[in-house]
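In: below are the sequence and a predicted model for it; my questions follow.
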Amino acid sequence: MLAFYPEYSGYFGSTGVEDSARSRFWSAALSTGERGILVRGLLKRWPRLAGPAFVTVLASWLLFKTGAYFHQPAAALTHSSWFAHFAGAHAGEPLEATLASAALQGAFLTFLRGDYTDDSSLWTMGCEFYGGHMIYPLAFLLVQGTTTGVRIVVIAGAALACRLSTPVVAPFVVGVALAALLPRHASWAPASVAAGAVVLALLMSGYTRGTGGFCAGVTAARPAALPVSYVYAIAAAEGSSGMKAFLSRRWGVVSGEPSLPFYRVHVPMPGSLGAFTLIATGSKATAIAATLTSSLAAA
């Protein structure tokens, strides 16, 4: 799911689900060529990213400061390198951080250079910062294009530039391309095609190097496996009226809204309450339940 986010952000940052504020925002930009709305969105991008990240980092710093993290004792009990290294944030040594350094990390350094020692779940924020800012000028260029051919040339140039310089943001371009080129307000994919696309997306998104079975056939195209799988998923969701109606039901909204906040706390909660529960009870099931409950409550 983490790898899906750049294309999701590029796509829904350029159009969006029906009747959402983002949909109206980007429909106005890409369909009517209104440029002022792109400028306003670009200016708001950093505060929208930095606000939640800032709060998350300060909360994690406070947990460190008060000794509320129990990931190291949990690592000794479970022999988990994930616990020992705080999900890759550091090599197990105690974190020596001040409030000022935590505030600086949450507000700026997480985005500008990818710092995540206080909360390693924020390692993707640098990608989101640069990729998220890139989609606005790219959309600005696309609204200048009067034909589909011109738009394809602009998108291809942007994708090539990203692949040669910063490959990690290339999926953002793919998302914007889908927003610009997929038919809007039309059901162009039959239910059988949409269902097949979803199955292929799930199979390809589960691909890892060296696996057998179906995934062995995409080994040669490994760098493209994930982006292509998410193209299938987005196209199926947007191209099928049945799929769109299914995902637009209340369950989809309820499960989707907390997904990003849940992601932000998916390291602090296991490292604090989850690890404490594991040590106190010795039960992995109880620790998992406590982690999920606390994570959903925090989200």
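Out: That came through fine.
In: give me the contacts around stretch 280-298.
Out: 258, 261-262, 265-266, 268-270, 273-275, 277-278 (C-beta atoms under 8 Å, 6 or more residues apart in numbering). Backbone N, C-alpha and C define where each C-beta goes, glycine included.
In: kindly report the same for stretch 72-84.
Out: For stretch 72-84, contacts defined as C-beta under 8 Å, 6+ apart pick out 71, 88, 92, 270-271, 274-275, 278-279.
In: tell me the helix or strand right after the helix or strand of the chain with the lowest mean pLDDT.
Out: Of all helical and strand segments in the chain, the minimum by mean pLDDT, DSSP states H and E falls on helix 21-32, at a mean of 48. The helix or strand immediately downstream of helix 21-32 is helix 36-65, counting by DSSP states H and E.
In: report all helices and strands that that following helix contacts.
Out: helix 21-32, helix 99-104, helix 110-112, helix 125-144, helix 259-264, helix 268-269 (3 or more C-beta pairs under 8 Å, 6 or more residues apart in numbering; DSSP states H and E).
In: what about the ones you listed, which gets the closest to residue 243?
Out: Nearest of the helices and strands packed on helix 36-65 to residue 243, taken as C-beta to C-beta: helix 21-32 at 16.4 Å.
In: only whichever of the contacts of stretch 280-298 are buried, select them in PyMOL.
Out: Selecting only the buried entries of the contacts of stretch 280-298 in PyMOL, with 16 or more other C-beta atoms under 10 Å as the criterion:
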select buried, resi 262+265+266+268+269+270+273+274+275+277+278
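In: between the contacts of stretch 280-298, which is nearest residue 121?
Out: Nearest to residue 121 among the contacts of stretch 280-298, with distances taken as C-beta to C-beta, is residue 266, at 5.4 Å.
In: who are the contact partners of that closest one?
Out: 121, 295.
In: hmm, try it at 6 Å
Out: With contact taken as C-beta atoms under 6 Å, 6 or more residues apart in numbering, residue 266 is in contact with residue 121.
In: and it, helix, strand or coil?
Out: Recorded secondary structure, residue 266: coil (DSSP: H, G, I helix; E, B strand; the rest coil).
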